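>>> Got a predicted structure here, sequence first:
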Amino acid sequence: MGYRMAGTITEQLARVEARVSELPKRLQAHIARARAVGRGLSAVLVADTGRVDLALAGHDLYRAASDEEMLAIADRRGIVPGALEIEQPLLLHGPLAAIWMADEGGVADKEVLDAVQHHTTFAPGLGALAATVFLADKIDPNKIQRRPWLSEVEQLARDGKWKAAVRSYIQTLDADLKRQGVTPHPLAQEAFDFLNP
């Protein structure tokens, strides 16, 4: 399915924004910052600004849900979590947001939905639109303050090197998670390998 006409995207965005307005203020603020970053990155990474903005508006619709809520919603939606999602239910928030955007937001654009679904891990086969969404979420200025190593990811992204930026993020986070005794998501490693120059 290709993306729809601009007016339709505007209507979809209005539905997503109405849902965002119900989220906690701190999460609304993150979404606003990520959207601002995404608008700036879109031109550099040659991604459609409107589609990037729609994906970023909806990427964290379930970020504030509890582990129990996410597992229950996944069950109702017919998602069978793997062992890693049961261990870390937060990994479900992207897939749940993509389902909401398709069912409730009326979004049929597969690239937008894939970008939302995989904004936490990235995935093999994704392109510039998903990378812009992924990176804009990660280089929210507040996140860079907490994780200074994200400055390198930001620089690569702003230089137009989205594959290198995504790989840098995955590699550094993977090492960080392993130090904490947290299992990295295998999709992230597959994406890293896929993007290997």
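Arrived safely. Numbering: from 1, shown residues only.

>>> dump the residue contacts of L13.
For L13, the contact set (C-beta atoms under 8 Å, 6 or more residues apart in numbering) comprises 53-54, 57. (Glycine included, C-beta is placed from N, CA and C.)

>>> T183 versus that one, what's the distance?
Distance of L13 to T183, given as C-beta to C-beta, to the nearest Å: 35 Å.

>>> Dump stretch 93-103 to CSV, keeping only the CA atoms.
Output in CSV follows, covering the C-alpha atoms of stretch 93-103 (Å, rounded to 0.1, in the frame of the first residue of the first chain):
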residue,chain,number,x,y,z
HIS,A,93,5.0,-0.5,22.8
GLY,A,94,6.1,0.1,19.2
PRO,A,95,4.1,-2.9,17.7
LEU,A,96,1.0,-1.9,19.8
ALA,A,97,1.3,1.7,18.5
ALA,A,98,1.5,0.5,14.9
ILE,A,99,-1.6,-1.6,15.4
TRP,A,100,-3.5,1.4,16.9
MET,A,101,-2.4,3.7,14.1
ALA,A,102,-3.6,1.1,11.5
ASP,A,103,-6.9,0.3,13.2
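
>>> Low-confidence stretches in the protein?
In the predicted model, the chain carries pLDDT under 70 at residues 1-7.

>>> Would you mark the buried spots in stretch 188-197?
Residues 188, 190-192, 194-195 are the ones in stretch 188-197 that count as buried (16 or more other C-beta atoms under 10 Å).

>>> Compare the contacts of L13 and tell me which has the most neighbours.
Counting neighbours by other C-beta atoms under 10 Å, L54 leads the contacts of L13 with 29 neighbours.

>>> Backbone dihedrals for it, please?
Dihedral pair for L54: phi -60, psi -50, per degrees, to the nearest 10.
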